[in-house]
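Peer 1: no sequence on this one, just coordinates:
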């Protein structure tokens, strides 16, 4: 379908609970799609799905260099979809921001510094899952980052976000960070399969670093 960047408030929620156009005006922040427009636009409800992806509830402030560039995070769904197609698997991807009390304030909202994805699919007839985190925190010590965030807030400036780092993480860590019930997905995690000790977060430099199949 033809793309029209017509962002609007989601009528299913009060506008006061949504970050609208003023958050993104005259600054380097973009409306970063959480669910990509490409993914749900299929089938008899394609038009409604297309419109839903342009609700402000499907956007989060992200630095424009990330949102407009060819970054690892942007291509993650393509990698997962290509992998699913190669092995004839169906795929479901859940995504959202990690909401922290320490997220920096800006124009009446708090800007999330981290985002997550969890992919669920069938592998050899069994449920499997993988999880990922994007971190746009300033590349500073925690105390130094807190100081620069506070200074930006006092000046009314957008938070000085850092370089984008992408990690593959245990699905159980996403459940802990978000307080979401992910049902059977933590137990089906490909990253932890066959490991006695909990794996550390793995920083991804390329798609070759991703663990999708069991070790």
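Peer 2: Noted; the coordinates are in hand. Everything numeric in this text was worked out from a predicted model, so none of it was measured.

Peer 1: buried sites along the longest helix anywhere in the chain?
Peer 2: Secondary structure of the chain per DSSP state H: the longest helix is helix 142-155. Applying a neighbour-count criterion of 16 or more other Cβ atoms under 10 Å, one finds 145, 149, 152 buried in helix 142-155. The way it works is simple: take the backbone N, C-alpha and C, and place the C-beta from them, glycine included.

Peer 1: repeat that for stretch 76-94.
Peer 2: Going by 16+ other Cβ under 10 Å, stretch 76-94 has these buried residues: 76, 77, 80, 81, 83, 84, 93, 94.

Peer 1: of all the residues you listed, which two lie farthest apart?
Peer 2: Comparing every pair within those by Cβ to Cβ identifies 83 and 94 as the most remote, at 16.8 Å.

Peer 1: just the buried residues of stretch 76-94: which are in helices?
Peer 2: 76, 77, 80, 81, 83, 84.

Peer 1: which helix or strand in the chain has the lowest average pLDDT?
Peer 2: Least confident helix or strand, the chain: helix 64-67 with a mean of 56, by mean pLDDT, DSSP states H and E.

Peer 1: and stretch 124-143, end to end?
Peer 2: 47 Å (Cα to Cα, to the nearest Å).

Peer 1: what does stretch 187-195 give?
Peer 2: 12 Å.

Peer 1: and the contacts of it?
Peer 2: 120, 123, 126-131, 168-172, 198-199, 202, 211-215 (Cβ atoms under 8 Å, 6 or more residues apart in numbering).

Peer 1: mind giving me the PyMOL command for buried ones among these?
Peer 2: A single PyMOL command selects the buried members of the contacts of stretch 187-195 (16+ other Cβ under 10 Å):
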select buried, resi 120+123+128+129+130+131+168+169+170+171+172+202+212
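
Peer 1: in helices only, show me the contacts of stretch 187-195.
Peer 2: Per DSSP H, the contacts of stretch 187-195 map to helices at 171, 172.

Peer 1: so which of the contacts of stretch 187-195 sit within strands?
Peer 2: Secondary structure assignment by DSSP state E places 120, 123, 126, 127, 128, 129, 130, 131, 168, 169, 202 of the contacts of stretch 187-195 in strands.
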